[in-house]
Structures are given as C-alpha cells and as structure tokens.
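Engineer: Just a sequence and a predicted model for now, questions to come.
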Amino acid sequence: MKVEAVKVRRLYIEVATQIESQIRSGNIKPGERLPSERDLAVRFEVSRPTIREAMIALEIAGLVEIRTGSGIYALPLNELDAGQLDDVPGPFEVLEARLLVEPEAVSLAAARINKEQLAVLENALRIMEDTKSSEKAKEQADELFHCTIATATDNSALESYVKWLWGLRNQSVLSSTFHQRVRDLGVHPYVDEHRKILNALKLRDPSRARNAMHAHISNAIEQDMDVLQLDGRS
C-alpha cells in the first residue's frame, strides 16, 4: 500500500498554499487586489496575525506584493516564482512563544544572575541607547540581552529554547523579512522596557522582573500588529 506521510502544517502555510493555488490557477488575476485582511481572517477562520504571516510568505515567494496601507496585490507568474513555502514557525507564533517562556525565565534568572551577566546586560542596553549605534548593532544587543537572561537561569533547557526562538527570528527568511518590514516602519528595540527588566534583575525581584518582561513582549506584539497594517481597511 502506497501512502504519504501525515504532516501537520502550520496555519499560515495552509492559508498561503490555498491562495497560491488560486493565483496559479488564474482565479486571482495579476494585479488583482486580494480581500482585506479582516475578510480573509473570517473566510479562513484564522487570526489576523496568521493572515499577515501568510501574506509575507507569499510575498517572499514572489506571488503577491504588499503595499502597506493600500492592500495586497497578485503578481504575474514567472519562472522565478519559488513555489515552495518554508514550513517554519511564523513571527507571531515566535512572539507568542516568547511571551509564555521569557517572563518565567527572567523570574528564575532574578534569583541566579551573577555580576558578570548583569554587566553584559548593562553594556547591551548602552548599545541600544546609543544614537550612534547602527541598527544591526542594536538588534544584536537586543538578542544578547534576552539570551543572556536565558543563560542566567542556569537551566540549559530554558536557555536552549529561548536561543532557538531567537534563532528562528534571525535565520528564518519569513521572520527576517517580517522584522525588517517592522523596522522600516519605525519600530525599534524598547530601551525603557529593557531598563525596567534590568532594574528588576538588579533588585533580585522575580515578580517585578516577570511583570516587566511580560509587558515588554506584550507591547512588542501589539506594536507590530498596529504598524504592520497590510491594507487600508479595518
């Protein structure tokens, strides 16, 4: 008996694959504007972040053009179309996972962090604060800040998981494109929120550290949702 392996696919991949099929079959014509983000979310019965991830995946594949504030438009097919969407966690999935994990990690780190690690965090924060720092340097400092906290938990499982999530953000073409689009729209690392996290760690206050991290990542999700409007319709 010949069978194909059963594979659980990510929601945004399912959405993108269906829209890709419509484009390739000609049901969606080149230059045609796709339905609004809200309409697509209702039709597919998924969240709006899932639609945003799907659209960015299709843009990377060369199948649509996202005109921020205007809409999503199908592009003419050509031989350079990728035709294959990478099956990796989407950027909002990564942010949601970080929201669940990093507040607890920093709570644990508050009781275990050492002076050398606090110094690393302070230096990373100085780079993020420095107006002369390049965007790349600030991004690297942001990652170092969060991964150093994960290391300070003295829990190798937590450390590996947090670093894996940051690796997805940097190595996945989808997440890299997403975050670059967000940066181009003026969103940068939140220095004040990082300072609150660091102050809580210096005080060895697990509850305060947890709350500060939760607020930081929650705000990042909300800010990304606000600025990354794929079309001009609500």
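Structural biologist: Now that the structure is in, tell me what you want to look at. Computed from a predicted structure; not experimentally measured.
Engineer: Against which helices or strands is the lowest-mean-pLDDT helix or strand in the chain packed?
Structural biologist: Least confident helix or strand, the chain: helix 173-184 with a mean of 80, by mean pLDDT, DSSP states H and E. Judged by 3 or more Cβ pairs under 8 Å, 6 or more residues apart in numbering; DSSP states H and E, the packing partners of helix 173-184 are helix 48-60, helix 91-112, helix 156-171. No exception for glycine: its C-beta is placed from N, CA and C like everyone else's.
Engineer: buried ones in it?
Structural biologist: Across helix 173-184, burial judged by 16 or more other Cβ atoms under 10 Å covers Leu174, Ser175, Phe178, His179, Arg181, Val182.
Engineer: Of those, which is the nearest to Arg52?
Structural biologist: Phe178 (8.0 Å; Cβ to Cβ).
Engineer: mind listing what that closest one touches?
Structural biologist: Residues near Phe178 by Cβ atoms under 8 Å, 6 or more residues apart in numbering: Arg52, Glu53, Ile56, Pro91, Leu228.
Engineer: Same check on Gly26?
Structural biologist: With Cβ under 8 Å, 6+ apart, Gly26 has no contacts at all.
Engineer: Also Val88?
Structural biologist: Val88 is in contact with Arg10, Leu168, Ser172, Leu174, Ser175, counting by Cβ under 8 Å, 6+ apart.
Engineer: The third one: what's its closest spatial neighbour, skipping adjacent residues?
Structural biologist: Going back to what we said before, that points to Ser172. Val88 (4.7 Å; Cβ to Cβ, 6 or more residues apart in numbering).
Engineer: ok so that neighbour is a strand residue?
Structural biologist: No - assigned with DSSP: H, G, I helix; E, B strand; the rest coil, Val88 falls outside any strand and is coil.
Engineer: what about it, distance to Gly167?
Structural biologist: Separation of Val88 from Gly167 (Cβ to Cβ, to the nearest Å) stands at 11 Å.
Engineer: Taking the centroid of the chain, which residue is nearest it?
Structural biologist: Pro91 (2.9 Å; Cα atoms, centre = their mean).
Engineer: Does it touch Leu174 like I think?
Structural biologist: Yes - counting by Cβ atoms under 8 Å, Pro91 touches Leu174, with 6.7 Å between them.
Engineer: overlap in contacts of the two?
Structural biologist: Counting by Cβ under 8 Å, 6+ apart, the contacts common to Pro91 and Leu174 are Glu53, Ile56.
Engineer: Do me a favour and average the pLDDT over stretch 108-116.
Structural biologist: For stretch 108-116, mean pLDDT is 98.
Engineer: who touches it?
Structural biologist: 149-150, 152-155, 158, 200-201, 203-206, 208-209.
Engineer: can you give me the end-to-end distance of it?
Structural biologist: Chord length of stretch 108-116, first to last residue, is 17 Å (Cα to Cα, to the nearest Å).
Engineer: buried sites along that stretch?
Structural biologist: Leu108, Ala109, Ala110, Ile113.
Engineer: ok, the last one to Ile28 distance?
Structural biologist: Meaning Ile113. For Ile113 relative to Ile28 (Cβ to Cβ), the value is 52 Å.
Engineer: again with Ser21
Structural biologist: In terms of Cβ to Cβ, Ser21 sits 9 Å off from Ile28.
Engineer: Compare neighbour counts for the two and give me the winner.
Structural biologist: Taking other Cβ atoms under 10 Å, Ser21 and Ile28 do not tie; Ile28 has more neighbours (20 against 11).
Engineer: Locate that one within the secondary structure: which element?
Structural biologist: Using DSSP states H and E, Ile28 sits in no helix or strand.
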